[in-house]
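[1] Can you look at this prediction? I've put the sequence above it.
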Amino acid sequence: MQKIAEIESEMAKTQKNKATSGHLGMLKAKLAKLRRELLEPGAGAAGGGGGKGEGFDVNKVGDARVGLVGFPSVGKSTLLNKLTGTFSEVASYEFTTLTCIPGVVRYRGAKIQLLDLPGIIEGAKDGKGRGRQVISTARTCNLILVVLDCLKPISHKKLIEHELEGFGIRLNKQPPGMTFRRKEKGGISFTTTLSNPRLDLDTIKSVCSEYRIHNADVYMKEDCDVDDLVDVIEGSRVYIPCIYVINKIDQITLEELNVISRLPHYCPVCAYKEWGLEELVHMCWEYLDLLRIYTKPKGRLPDYNDPVVLPANRNTVEGFCNRIHKGIIKQFKYALVWGTSVKHRPQKVGKEHVLQDEDIVQIVKKI
Ligand SMILES: Nc1nc2c(ncn2[C@@H]2O[C@H](COP(=O)(O)OP(=O)(O)OP(=O)(O)O)[C@@H](O)[C@H]2O)c(=O)[nH]1
Ligand SMILES: [K+]
Ligand SMILES: [Mg+2]
């Protein structure tokens, strides 16, 4: 942790320009390596109250998992209670919640697991408080709600993001559009279709040498920066959508509320007066990007109250089958689909067919 602090302060002192970008890249790589080491078993981090980067032992249930992350007393437990009807202790003192409390929100036929988590503090990712356990659990979520108290400094948002980022979580971001392939010989090569990329060969070489990588092909299709490069080399990054839930808006003026409401990814609420909670649940639904697929047994109407819920990255007929039962795909012959993903009603499709929200599917099995 001492070394991390030293590197962070050196980075802060270094001016950012073309001449220093190789040096900064090397420092960023060093930082990423130290942070990873800190999380490895047996790291013996100071204050290791968070354990070795293991999350809380709560079973994943339902169609998606959403985690409440924030500083103490911002109202995370109040939110869980109001949204799920579960009981998690609420009090005016900090660190009221000491463990992970799950609840379930039902929306549009989907079961969404909501996790109330202990408050984190600065330095959480480095082992302060239960921070590591909290952030490891956050890593398992399909959506993170960063809960902020609108009366507290806006800098708190950055601090929380920094804690999550230090643990390999990337918020509202897609995996970098670059490929990094190690090879046996030939040095480091860099190709891109971009005319004026932010990264250059020298910076890439400097980062690679920090990893003792001397031969690799780097191909960039999007304008990635040095942080993206470190992420791609490190691997084990998770890309999770995030909503900033600004709580306690009963304490601010309408003018202030208007400003907050316009910021991207923000959702203002008042947990205990239940203002904005419907909007929040709907926003969660959109950020989770789930599909409702209705099953149609032969000769009967589909059950619209009980959809099979699929994440957007498993939106094929095969994904649908596997969500119902692992064995189904072995007996799969074809499927009949009604809905926006097809032209005819119904249309015969194979298991690779990509479904859309509210499609109706009938599976026809081999006999
Ligand atoms: N004014 C106001 N107070 C709220 C609101 N929501 C929660 N609170 C109060 O804020 C305090 C902390 O609420 P908790 O729900 O315990 O906060 P927490 O984030 O779970 O806190 P820890 O578990 O200690 O991290 C309590 O006194 C709540 O009554 C709100 O919308 N407005
Ligand atoms: K509290
Ligand atoms: Mg709490």
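    All right, it came through fine. Numbering: from 1, shown residues only. Ligands and ions are numbered 1, 2, ... in the order given.
[2] And for the helix ranked longest in the chain, what's in contact with it?
    Determined from DSSP state H, the single longest helix within the chain is helix 21-39. With CB atoms under 8 Å, 6 or more residues apart in numbering as the test, helix 21-39 has contacts from 1, 3-4, 7-8, 10-11, 14, 16, 43, 45, 52-53, 125-127, 132, 166-167, 200, 202-207, 209-211, 226-227, 229-231, 233-234, 236. No exception for glycine: its C-beta is placed from N, CA and C like everyone else's.
[3] Ligand 2 versus residue 62, what's the distance?
    26 Å (CB to the ion, to the nearest Å).
[4] And for residue 96?
    Here the criterion is CB to the ion. By it, residue 96 lies 4 Å from ligand 2.
[5] repeat for residue 210
    In terms of CB to the ion, residue 210 sits 42 Å off from ligand 2.
[6] For that residue, list the residues it contacts.
    For residue 210, the contacting residues are 25-26, 29-30, 33, by CB under 8 Å, 6+ apart.
[7] same question, residue 107
    Counting by CB under 8 Å, 6+ apart, residue 107 makes contact with 281-282, 284-285.
[8] What subset of those residues is buried?
    Buried subset of the contacts of residue 107 (neighbour count, 16 or more other CB atoms under 10 Å): 281, 284-285.
[9] any idea which element residue 57 lies in?
    For residue 57, there is no host helix or strand (DSSP states H and E).
[10] one step back: sort out which of the contacts of residue 107 are in helices and list them.
    281-282, 284-285.
[11] Let me have these in CSV, adding distance to ligand 2 as columns.
    Formatted as CSV, the ones in helices among the contacts of residue 107 follow (distance: CB to the ion, whole Å):
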residue, distance to ligand 2
281, 23
282, 27
284, 22
285, 27
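[12] outside of stretch 309-323, which residues touch it?
    So stretch 309-323 is in contact with 63-64, 109-111, 142, 288-293, 308, 328-329, 332, 335, 337, 349-356, 361, 363, going by CB under 8 Å, 6+ apart.
[13] Apply 10 Å and report the result again.
    The contact list for stretch 309-323 (CB atoms under 10 Å, 6 or more residues apart in numbering) reads 62-64, 107-112, 142, 288-293, 295, 308, 327-332, 334-335, 337, 341, 349-357, 359, 361, 363.
[14] related to what we said a few turns ago, redo the contacts of residue 210 as CSV? Include distance to residue 119.
    Formatted as CSV, those follow (distance: CB to CB, whole Å):
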residue, distance to residue 119
25, 34
26, 35
29, 32
30, 30
33, 29
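[15] ok, back up a step: list the buried residues in the next helix or strand after the longest helix of the chain.
    Of the helices and strands lying after helix 21-39 in sequence (DSSP H and E), the nearest is strand 64-70. Burial within strand 64-70, assessed by neighbour count using 16+ other CB under 10 Å, is assigned to 64-70.
[16] ok, now stretch 84-96?
    Of the residues in stretch 84-96, 84, 86, 88, 90, 96 count as buried by neighbour count, 16+ other CB under 10 Å.
[17] show me the contacts for the closest residue to the last one other than its chain neighbours.
    Spatial nearest neighbour of residue 96, excluding adjacent residues (CB to CB, 6 or more residues apart in numbering): residue 89 at 5.3 Å. Taking CB under 10 Å, 6+ apart as the definition of contact, the neighbours of residue 89 are 77, 81, 96-98, 101, 116.
[18] cool, residue 336 as well?
    Counting by CB under 10 Å, 6+ apart, residue 336 makes contact with 296, 298, 342, 344-349, 360-364.
[19] So what does the residue minimising distance to the centre of the chain look like in phi/psi?
    In the chain, the centroid-proximal residue (CA atoms, centre = their mean) is residue 240; its distance is 1.6 Å. Torsion angles at residue 240 (phi, psi; degrees, to the nearest 10) stand at phi -130, psi 130.
[20] what sits opposite it in the beta ladder?
    With DSSP bridges applied, residue 240 shows beta-bridge pairing to residue 171.
[21] Check whether it really touches residue 167, as I assumed.
    No: with contact defined as CB atoms under 10 Å, residue 240 does not reach residue 167; the gap is 11.2 Å.
[22] Compare the contacts of residue 210 and tell me which is most surrounded.
    The residue in those with the most neighbours, by other CB atoms under 10 Å, is residue 25 (26 neighbours).
[23] Give me the local confidence score for it.
    Per-residue pLDDT puts residue 25 at 94.
[24] same question, residue 35
    The confidence metric pLDDT takes the value 82 at residue 35.
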